[in-house]
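Colleague: Structure of the sequence below:
(one chain, ligands or ions: 3)
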Amino acid sequence: MGRRLHWMLLLAFGLAEAAPPDGDFTQAECIACHGADSPEVHSYVTSKHGVLLAIGRSGRAPDCVACHGGTHASLDRDRLHHGCHQCHSPRYVASLAANGEAMIAVGHLKLREADDILEQARADFTAEELQDLLAIRARLDAYQHRLRLGVGHQSPDYQWWHGHPALDGELLRLKGAYDVLMRKRALEDKR
Ligand code: HEC
Ligand code: HEC
Ligand code: HEC
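Modeller: Ligands and ions are numbered 1, 2, ... in the order given. Now for the predicted structure:
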């Protein structure tokens, strides 16, 4: 990963480089530390589970600890998905998982398209000239992360608003920024 991209990701995700701390936490502590406004928490808040909890139907819908456990050590993907069976039919959960994987795969296709454009651009332009494109590329990663959270937390907002449409928008912006560079170059060549 390029150094610039690396730093932009760090700016985009303050926590991203830190190690998960040891300890047994309550949901309030998960939210306080990850940040009430973080995509990790907000994607839960905007899920049906989060809404049920917010309207006082706790006990029916899972909170952070019910799904993830209280500690970071207990993070285990299979266990996470198995937990759904407590309350939903295996068939329903399997179809959600398949849809989720497809959604994430389509996201990866968009990232790959962006990388192809960048690769072409790198052949013709200096790192300095590519700054706008690289900033957009970093935002694409951020939106792919949101999409993954939308799938993990079953938040339609994060799948369909902060996820795919946002990826589409950034991909268009990347193409536009590349076009601008090419046009400037063509004008310079004419002089
Ligand atoms: C004292 C701060 C703190 C508390 C409390 C905390 N976390 Fe974290 N958590 C972090 C940091 C730092 C990371 C690593 C950076 C990242 O992935 O965001 C992390 C990572 C994670 C990850 C991703 C781990 C991985 O392997 O990629 C999950 C899931 C997570 N936390 C869930 C929770 C849940 C659920 C709780 C409450 C039971 C919780 N956290 C409480 C700070 C905290
Ligand atoms: C219904 C179960 C469920 C609940 C409730 C839930 N999560 Fe998750 N969470 C998941 C699943 C499933 C994933 C996706 C895991 C994956 O893709 O490997 C996930 C992903 C995450 C991640 C990203 C991990 C990564 O690899 O990047 C974080 C951080 C996280 N959850 C924190 C929280 C916090 C904090 C709460 C409470 C505010 C919470 N979760 C509530 C099931 C849940
Ligand atoms: C403690 C029980 C419980 C667990 C565990 C649980 N859920 Fe739920 N879930 C519910 C309840 C209750 C509802 C609301 C059902 C309703 O009345 O529409 C719900 C709703 C949903 C919805 C929204 C359905 C809709 O019609 O909008 C999805 C999607 C979902 N759950 C997926 C999952 C997944 C995936 C997991 C595991 C990561 C999971 N749930 C774990 C209790 C649970």
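Colleague: What residues does the chain have near ligand 2?
Modeller: Within the chain, the positions lying close to ligand 2 (C-beta under 6 Å from any ligand atom) are 30-31, 34, 40-41, 44, 49, 62-64, 66-68, 77, 80, 148-149, 152-153. In this view, the C-beta of every residue, glycine as well, is placed from N, C-alpha and C.
Colleague: Now intersect these with the strands, please.
Modeller: Within the residues of the chain next to ligand 2, no residue falls in strands by DSSP state E.
Colleague: Which among those count as buried?
Modeller: The neighbour count (16 or more other C-beta atoms under 10 Å) marks 30-31, 34, 40-41, 44, 49, 62-64, 66-68, 148-149, 152-153 as buried among the residues of the chain next to ligand 2.
Colleague: so which of these also contact ligand 3?
Modeller: With C-beta under 6 Å from any ligand atom as the criterion, those include His49, Pro62, Ala66, Cys67 near ligand 3.
Colleague: What sits closest to the first one if chain neighbours are left out?
Modeller: When you say that, I think you mean His49. Ala61 (4.2 Å; C-beta to C-beta, 6 or more residues apart in numbering).
Colleague: so what's that neighbour up against?
Modeller: Counting by C-beta atoms under 8 Å, 6 or more residues apart in numbering, Ala61 touches Lys48, His49, Gly50, Leu52, Leu53.
Colleague: same question, Leu133
Modeller: Ile117, Leu118, Ala121, Leu174, Ala177, Tyr178, Leu181.
Colleague: quick check, it in a helix?
Modeller: Yes: the assignment for Leu133 is a helix, going by DSSP: H, G, I helix; E, B strand; the rest coil.
Colleague: Pull up the distance across stretch 119-131, start to finish.
Modeller: In stretch 119-131, first residue to last residue: 14 Å (C-alpha to C-alpha, to the nearest Å).
Colleague: residues making contact with it?
Modeller: Residues outside stretch 119-131 that contact it (C-beta under 8 Å, 6+ apart) are Arg4, Leu118, Leu133, Leu134, Tyr178, Leu181, Met182, Arg185.
Colleague: returning to what we had before: nearest to ligand 3, of the contacts of Leu133?
Modeller: Distance to ligand 3, by C-beta to the nearest ligand atom, is smallest for Leu174 among these, at 31.5 Å.
Colleague: doesn't Ile117 make contact with that closest one?
Modeller: Yes: contact criterion C-beta atoms under 8 Å: Leu174 and Ile117 qualify, at 5.9 Å.
Colleague: and those two? which has more neighbours close in?
Modeller: Just comparing Leu174 and Ile117: by other C-beta atoms under 10 Å the higher neighbour count belongs to Leu174, 24 against 18.
Colleague: And the more buried one, which helix or strand is it part of?
Modeller: helix 164-190 (DSSP states H and E).
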